[in-house]
Each structure stands twice: as structure tokens, then as C-alpha cells.
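J.: Build me a structure from this.
(4 chains)
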Number of protein chains: 2
Amino acid sequence: MKKHPEITIHNLAHELKISASTVSRALNDNSRISEKTRHLVQKKAIEMGYRPNVLAANLRSKKTNTIGVVVPRIDRYFFSSAISGIEDYAWTKGFNVIISQSNDLLLKEINCVQTLFNNRVDGIIISISMQTNEDKHFRLFSEKNIPILFFDRFCPTIESDRIVVDDFNSGYKITYQLIERGCKRIAHIAGPELLNIYKDRKNGYLRALNEAKIPFTEAYLEVTGLTKDEGMQAFARLMALPNPPDGVFCGNDTTALSALEYCQKNNLKVPNDVALTGFSDEPFSAVVTPSLSTVKQPGYQMGFQAAKRIIHRIESAGTIIPFEQIVLPTTLIIRDSSS
Amino acid sequence: MKKHPEITIHNLAHELKISASTVSRALNDNSRISEKTRHLVQKKAIEMGYRPNVLAANLRSKKTNTIGVVVPRIDRYFFSSAISGIEDYAWTKGFNVIISQSNDLLLKEINCVQTLFNNRVDGIIISISMQTNEDKHFRLFSEKNIPILFFDRFCPTIESDRIVVDDFNSGYKITYQLIERGCKRIAHIAGPELLNIYKDRKNGYLRALNEAKIPFTEAYLEVTGLTKDEGMQAFARLMALPNPPDGVFCGNDTTALSALEYCQKNNLKVPNDVALTGFSDEPFSAVVTPSLSTVKQPGYQMGFQAAKRIIHRIESAGTIIPFEQIVLPTTLIIRDSSS
DNA sequence: TTTCTTTGTGCAATCGATTGCAAAATTATT
DNA sequence: AATAATTTTGCAATCGATTGCACAAAGAAA
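T.: Modelled structure (predicted):
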């Protein structure tokens, strides 16, 4: 086995009979170094297979060129596409992306955030868990002036940048579409109120009902964890009502899908017996039968913007940049399940 | 704005009027430190809000506790679930996961690998791009004795650990199922031969034909990039043959889905006019109509095992561990598209 | 009491790159 | 040729934690 000792700037310096500082400057294109030496050094560096020790540089500069990402689950399309957007942008700026998942558990989230903090990421992009009802772990970052950016699911008590979609309006529009379609008894399977996104969707739903002068019926609102099972149960409860709904706005595509399954099993025609809509436009939504009406969230774009914003903030450390809430547009997608 | 200077072991040492080395040892539970001082130090550390500087420690120890992951695309379910598995295991061992995507481009892959190398990850887990026909960039790792582990799509010329599934057998089994079902003219939409997984699937297909004494027809084999568009075109070509196939084994679920779409548009009944099967069991495959027969690859498990294996190797640096190819089982899932 | 162990701490070098300040080398000016 | 101005380069400290070696303190044995 060949030996491959790491080359340092000192080795280069020694070879070239100049000082390490000059080597360092030459490699960093510092203007105080003459063209001649710069070339000499850079040539030698390549020749000797030098690779800079990022760790040492980071230690000195107190920057890691790394951003941490915490999402509930990596394997959900919305999040993986957001990560894809983050990674794509970060990559162009030479930033690394460390990911971790909270599994929608507060404790795990706290742990992830702590770990990223200890690893001294330059910034953190996060979409909070369904359980997150405290913000102590985020304050770590604000206190040390490390940028934190929430996307989609944000923590309302932390002042920070946010990339969101207009859940209220999206909820409103998709409910409106059900009304327009002729639905009279419209139910909603909502997510936990803890998360503003679900509250907003619900409020959009209420607003649409209100505008159409459809009285709100308590029994038509199911609050769940929006999992497949919970969705199925909630939908079953709705359909078991003496006066079951003829339109259901499901809080996400997963529950809409489970509702669809329920309908198939119980011989209910969608959309004729009951119209269904989801939220998020998962990859399966377009291809399931009947295809699922939903609201498309620009996951990739959100991630991309998030990375752009946070890296900009990181790079302008020192400058005061006011916090911003960037609202990206959603697209209402009407498919067979409600048309 | 409050100032929050970072506390170092020196600050602790100064406060406690002991040396930094003692503090360091106390914090690391070194046996040479007495219970008394250890407690004292640890108490003080918490009190002063000390957080170790991972960078400094890493610089010293030449370890980053980080593993790099390169996948073609993060937002594909198979890969995001693999990453999920990697992250879950890595997390339990205190390892960070840096991700990057090659977008199935060789150049980008080389770049990602280089970057991870420069960032001194302790190991790398990778599933190579569709274009990867060279291995120079991987040799970097072997040369410096940094563990590299391939999963699913591996580079055959690099000696290393691998986590794969038995593509040959899976291809065989799913083709066999088509034969068993009564299909006589079975086509295959294959992926690039460059990737062994596609070659294996194809060979499995050939083997099944051979065993059933069905002669292989050149025109029934389409080699494509397995994208939606290419899949659609390939399928169209197949169906335009004078003697179109009555069963098609598609190289992945995406092409199978596009084939399904084609059938819907052209009024072909699946599986009666033509039976279809995919590969991978994407989330949409179960819910599309007709539901798609496919081979389930244990993405999460593969990722989990990959992380386990590579971290084990990292932690036993110095010890010689023979390379291993771990083959995880697939599950044949027969659904409506071929039943 | 003296000598030998055992246990606990501290000194100082190290990991590799960066940077303020000073010194040297080069060029411009008189 | 001498001095001033400018450009290049080097010295040495720094970032924060780790660790081999030496030394000090405490206890055990003679």
C-alpha cells in the first residue's frame, strides 16, 4: 500500500523556499502576491496534489460553509424536493448541506437542532415537527446570531426569515372550487392546530363556507395527525354521519388518498357521491384513479429560495437585513376527484 | 443585543484555576482525572454554557464524523428513503450526513465526490449516475483509505463494500410471472447497459425467456434512459411493431407508468391487451389504476445497512476488513397490471 | 523516616490555515 | 546616487482541543 501523506501549505512553502503565509495568500488569490509567485505556487500545489484542509481553515475563520436542514421526514416528496432545491442552490455557492429528520417528534427535533448547533453550521433551514410547541431550541440560534430560516411549517414565536405558501388562500380556493362544483355539505380533515399551515388551510375553508353562506357544521371538521390511518378513520366518521358530506377537503394528499380507498371499498363514487381534494400534489395524486384535485406547493422552489435567502444572510453577516416572509404561489390543480 | 462569547476549555480552566488539559480530559471522561475534578469541571461547563468546538477537535483528530452521500436525485423515492435509512442509523452513532446529488450527470458526480473528498468526510456512500463510465474520482478515496460504499448502482471496477439487490433474479422472477400469466411476446424496456443493475435485470429477463423456450426477439428489447419521455417513446415503438408484445417488463416504475398512460390514450386494456410490470415500487405504483406489478426494493433498509457497514469500517480503521457485497432481498409484488 | 508505587495535573507541542504588522525588495522620484 | 513610495514577502500569533511526557502529590511498603 502506497503512502499518501497529506500535503500542507508548509510542505509547499518548504519546496518553494518561501513562507507558508505566501503560499496561503497565493492560493487564495490575495492581491498582495505577485503574479509570478502566485503561478509558481499554484502550479506546485497541483503538482504535489495539495488539497486544502477545510477543517483548519474553518477553525480559523469560524465558518463551516455548511447549512443544516431539519425536516420531518426526508422520504416525503414535498420535503425531498425541497432538499433537492436547497442542495442545488447551496452547491453553486460552495455550501454543504447536512440533513437530519425529526420524524415529526419534538424531542428528536430538539436533538437534531442541538447537534447542528454544536457542529457549528452557518445557518439552519427547518420545517418544524407536528409536535413542536416550544421554541427554546431555536433561540440558541437567534442568540448566537446564526441565521435560521423556516419553510412551510414555521414557528410563529421566532422572528426569522420564512418561506411559505399562502395556505389560507389555497385552502380558500380549493374549498371554493368544491362549492362552485355544487357541493353543499363540505367537510374538512384538518391537521393539528399547532401548525399554522393547517390552521390557515382550515381558516381558508371556513372563509369560503362563510362567503357562500354555508353554515359551518362542527361535525364536518375533523382534526387529525393527517396520517393514512387517521385520515381513513376520520373519513369513515364523516361518512357515517346521518347527513354525510358531499365534498371533503382533506388536509393533505395522503388523507385524500385514504379517503379514496375508503370510497372504493365502500362503493362510493368519487366525485359523484362525494368529491375529494387533497393538498400538496404528491407524485401519486396525478396518477391515482380518479386523479386527485389538490394544491401544488412548489417544494423545489421553496428549498431553492430558502437556500438563497439564508446563504445571502450568512454572506452578509454584520449587515442588518430585516426578516422577511416570502410567500410563494401555489397552483390549484383540479382533477377528476372534484371536477 | 447581548454578547455571547464562545466559552472555551481555557475559559473553564481559568475559572477553575486548573489547566486546559485537565478540563479537556475531564470533559472526555478520561480515566486519569479524579472523580472530584471531573464533576467540578462538568458542572462548570454546563453552568457557563460551554459547547465544544467540533472543528478544533476534528482538526486535531483528523476525523469529521461525517459521511458523504451522493445520489442521482434526492427527490426520487427510492433514494430519499435510502437517505432516510442512512440518516437514521448515522444519527444513532453521532455521525452527520452531507448529501449531494449528481443529477445523473458524470461531471456533476465527479464534482460532488471531489467536494466531499475535500471536505474530508470519513466515508462516502454513493449510487452512481447513469453516465458513470470511469472511476478515477473514486480512486481518490481508495488511495487515501477512506471507505467508499456503493449501493444499488455500483462501480464494478472499484473494490469496495456494496449493498445491492439481486437484480438478475428480480428481473427473472418478474418476467417469469408474465410468462406464467400466459404472455407469449414479452418485451423489455431496459436501462443503459453501463449500469450493472439494468444489465442484470435484462439478463434475468433473457434467462426467463430462455427457460420458457421463448425465442428472444431483438425488436422487443428497447434500451433507454428510463425517463418518462423515453419510456413513452420506447413503448410506442413496441406497440407499433407488426407483432406487438402482449407483456412488457419495464425497467422501472416511471416507464411503466408512461406505458400505462400510453395505453389509456390509445385505448389498450391493461393487462388484457398488454400486461405491464415496473421495478422499484414507487409510492404511486400501488395506487395507480390499474395498480402496477413491480419489484419492491428495500430502499430504507439498504440505506440503513449502508450506513451501518461504513460506520463500522470507519470505526475500525486500521483493522483490515474484507470487502463485502451485501445482497438484500426484493419482493415481487403482483398487482392488477399483470395479474 | 525513607523509598517505591500509584494517581492526578500541567506543560508545551500539535493539527493546518489565516492575517496584522513589520521587514525586505522593487520601482519611482528628485 | 540617494531617498521616497510602493509592492512583495515573512514572522509569529491565533483559532480550540488533544495528548505524550514530565512532574507533583498522595499512599504503600520497607
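J.: count of residues packed around the residue in the stretch 101-250 of chain A positioned nearest to DNA strand C?
T.: Using Cβ to the nearest atom of the strand, A:Arg120 is the residue of the stretch 101-250 of chain A that sits closest to DNA strand C, at 14.2 Å. In short, each C-beta sits where N, CA and C put it, glycine included. Residues contacting A:Arg120 under the criterion other Cβ atoms under 10 Å in any protein chain shown number 20.
J.: for it, what are its contacts?
T.: Neighbouring residues of A:Arg120 by Cβ atoms under 8 Å, 6 or more residues apart in numbering or on different chains: A:Lys62, A:Thr64, A:Thr66, B:Asn53, B:Val54, B:Leu55.
J.: mind checking the SS state of the residue of the stretch 201-339 of chain A found nearest DNA strand D?
T.: Closest contact between the stretch 201-339 of chain A and DNA strand D, by Cβ to the nearest atom of the strand, is at A:Ala317 (15.7 Å). When classified by DSSP: H, G, I helix; E, B strand; the rest coil, A:Ala317 comes out as coil.
J.: coming back round to it: the residue of the stretch 101-250 of chain A closest to DNA strand C should be in a helix, yeah?
T.: No - using three-state DSSP, the secondary structure at A:Arg120 is coil, not a helix.
J.: is it true that A:Gly303 touches A:Ile83?
T.: Yes - under the criterion of Cβ atoms under 8 Å, A:Gly303 makes contact with A:Ile83 at 6.0 Å.
J.: which one of these two has more residues nearby?
T.: Higher neighbour count among A:Gly303 and A:Ile83: A:Gly303, with 33 against 26, using other Cβ under 10 Å.
J.: number of nearby residues for the residue lying closest to that one once chain neighbours are set aside?
T.: Computed as Cβ to Cβ, 6 or more residues apart in numbering or on different chains, the closest residue to A:Gly303 that is not its neighbour in sequence is A:Gly85, at 2.8 Å. Using other Cβ under 10 Å, A:Gly85 has 24 other residues around it.
J.: for A:Leu107, same thing?
T.: The number of residues near A:Leu107, taken as other Cβ under 10 Å, comes to 11.
J.: Could you do A:Lys144 as well?
T.: Neighbours of A:Lys144 using other Cβ under 10 Å come to 12.
J.: and what of A:Ala240?
T.: 8.
J.: do A:Asp229 as well
T.: 12.
J.: which residue packs closest to it, ignoring adjacent ones?
T.: A:Ser258 (7.5 Å).
J.: And the host helix or strand of that neighbour, what's buried?
T.: Using DSSP states H and E, A:Ser258 sits within helix A:253-265. Residues of helix A:253-265 classed as buried: A:Asp253, A:Thr254, A:Thr255, A:Ala256, A:Leu257, A:Ser258, A:Ala259, A:Leu260, A:Glu261, A:Tyr262, A:Cys263 (neighbour count, 16 or more other Cβ atoms under 10 Å in any protein chain shown).
J.: I'd like to know which elements the helix or strand that it is followed by is packed against.
T.: With elements assigned by DSSP H and E, the helix or strand that comes after helix A:253-265 is strand A:275-277. Packed against strand A:275-277 by the contact rule (3 or more Cβ pairs under 8 Å, 6 or more residues apart in numbering or on different chains; DSSP states H and E) you find helix A:167-181, strand A:247-250, helix A:253-265.
J.: what do you get if the cut-off is 6 Å, keeping everything else the same?
T.: Counting contacts by 3 or more Cβ pairs under 6 Å, 6 or more residues apart in numbering or on different chains; DSSP states H and E, strand A:275-277 packs against strand A:247-250.
J.: chain center to the strand it packs on: distance?
T.: Mean-position distance between strand A:247-250 and its chain equals 25 Å (Cα atoms, centre = their mean, to the nearest Å).
J.: now for it, which elements pack on it?
T.: Taking 3+ Cβ pairs under 6 Å, 6+ apart as the contact cut, strand A:247-250 packs with helix A:167-181, strand A:186-190, strand A:275-277.
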